[in-house]
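Undergrad: the following comprises the amino acid sequence and a computationally predicted model.
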Amino acid sequence: MQIKVWGMSLSGNCHKVRLILDYLKIPHEWIETDLRRGATKTPEFKQMNPNAHVPVAQLEDGSFLPESNAILYYLAQGSAFWPADKLSQARVLQWMFFEQYDHEPRIAVNRSIQSIANTMAERRAEYEANVPKGYRALGVMESHLSENRWFGAAQASIADVALYAYTHVADEGGFSLADYPHIRRWLGEMEKIPGHSRMRLTA
Ligand SMILES: N[C@@H](CCC(=O)N[C@@H](CS)C(=O)NCC(=O)O)C(=O)O
């Protein structure tokens with residue numbers, strides 16, 4: 001069967017999946033799922049992902065796979081976005097774990113508070129605590145990119161896709177990239193990949 005993806009177009013975790021599908025021209029059905037309307041909290045949705053998060057992919061065999069970076073890994077097998085040698089594979093995973101632990105919880109959460117869920121009034125303390133932590137993660141990326149063209153491998157990989165998702169809209173969470181020229185250079189290179197798209201707040 002054709003791959004199906006339940007995703008919200010405003011979510012960077014979901015946009016990662018859209019990017020790899022489009023880069024690799026993988027036929028799929030996208031089922032727009034708006035978590036702000038409770039779409040991830042229904043019993044039917046929790047049958048697919050008991051953790052009640054998008055994205056979720058339904059694979060060729062009918063089974064369900066949640067977690068954006070696991071979906072990237074599955075879809076990129078056999079393509080240039082998953083390197084062949086063991087050390088590069090480990091480096092790609094290194095940056096994907098960094099993305100989920102150090103980057104996304106700051107950059108994506110502040111974007112949600114400021115621009116998606118609009119919960120600044122209730123969550124200002126959390127937002128402010130995330131500011132230095134988010135800039136710290138951006139600093140780690142900037143330092144890496146001052147000496148490397150890509151994250152993890154000699155060419156664009158799923159580590160770049162994972163990190164692109166929320167970095168290119170960091171301003172929507174109040175993070176300025178003005179002092180991060182290497183990150184801006186890398187974002188520009190990502191945007192040249194055939195099939196590329198940016199997220200839009202109005203999606
Ligand atoms: N680690 C997960 C995180 C997924 C996640 O946080 N999804 C959010 C949207 S970006 C969600 O579905 N939240 C549901 C909710 O808050 O009700 C992944 O990378 O897929």
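TA: In hand now; what should we look at? All values reported here derive from a predicted model rather than from experimental measurement. Numbering: from 1, shown residues only.
Undergrad: where does Met199 fall, phi/psi-wise?
TA: Note on Met199: backbone dihedrals following degrees, to the nearest 10 are phi -80, psi 150.
Undergrad: show me the contacts for it.
TA: Shown in contact with Met199 (C-beta atoms under 8 Å, 6 or more residues apart in numbering): 9-10, 12, 15, 165, 168-169. No exception for glycine: its C-beta is placed from N, CA and C like everyone else's.
Undergrad: just the buried ones from the residues you listed, in PyMOL syntax?
TA: Command for PyMOL that selects the buried part of those, burial taken from 16 or more other C-beta atoms under 10 Å:
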select buried, resi 9+10+12+15+165+168+169
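Undergrad: got the domain ranges for this protein?
TA: Domain ranges of the chain: 3-76, 86-190, per automatic domain parsing.
Undergrad: which one of those lies nearest to Arg200?
TA: domain 3-76 (7.9 Å; C-beta to C-beta).
Undergrad: and the lengthiest helix in the chain, what does it pack onto?
TA: Longest helix in the chain by number of residues (criterion: DSSP state H): helix 120-145. Counting contacts by 3 or more C-beta pairs under 8 Å, 6 or more residues apart in numbering; DSSP states H and E, helix 120-145 packs against helix 104-111, helix 158-167, helix 181-190.
Undergrad: tell me which other helices or strands the second one touches.
TA: Helices and strands touching helix 158-167, by 3+ C-beta pairs under 8 Å, 6+ apart, are helix 12-23, helix 68-76, helix 86-98, helix 104-111, helix 120-145, helix 181-190.
Undergrad: possible to save those as a markdown table with distance to Ala39 and mean pLDDT?
TA: Shown next, in a markdown table, are those (distance: least, C-beta to C-beta, whole Å; pLDDT from 0 to 100):
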| stretch | distance to Ala39 | mean pLDDT |
| --- | --- | --- |
| helix 12-23 | 12 | 98 |
| helix 68-76 | 17 | 98 |
| helix 86-98 | 26 | 98 |
| helix 104-111 | 19 | 98 |
| helix 120-145 | 22 | 98 |
| helix 181-190 | 29 | 98 |
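Undergrad: okay if I get those as a markdown table plus distance to the ligand?
TA: Shown next, in a markdown table, are the helices and strands packed on helix 158-167 (distance: least, C-beta to the nearest ligand atom, whole Å):
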| stretch | distance to the ligand |
| --- | --- |
| helix 12-23 | 4 |
| helix 68-76 | 4 |
| helix 86-98 | 10 |
| helix 104-111 | 6 |
| helix 120-145 | 13 |
| helix 181-190 | 18 |
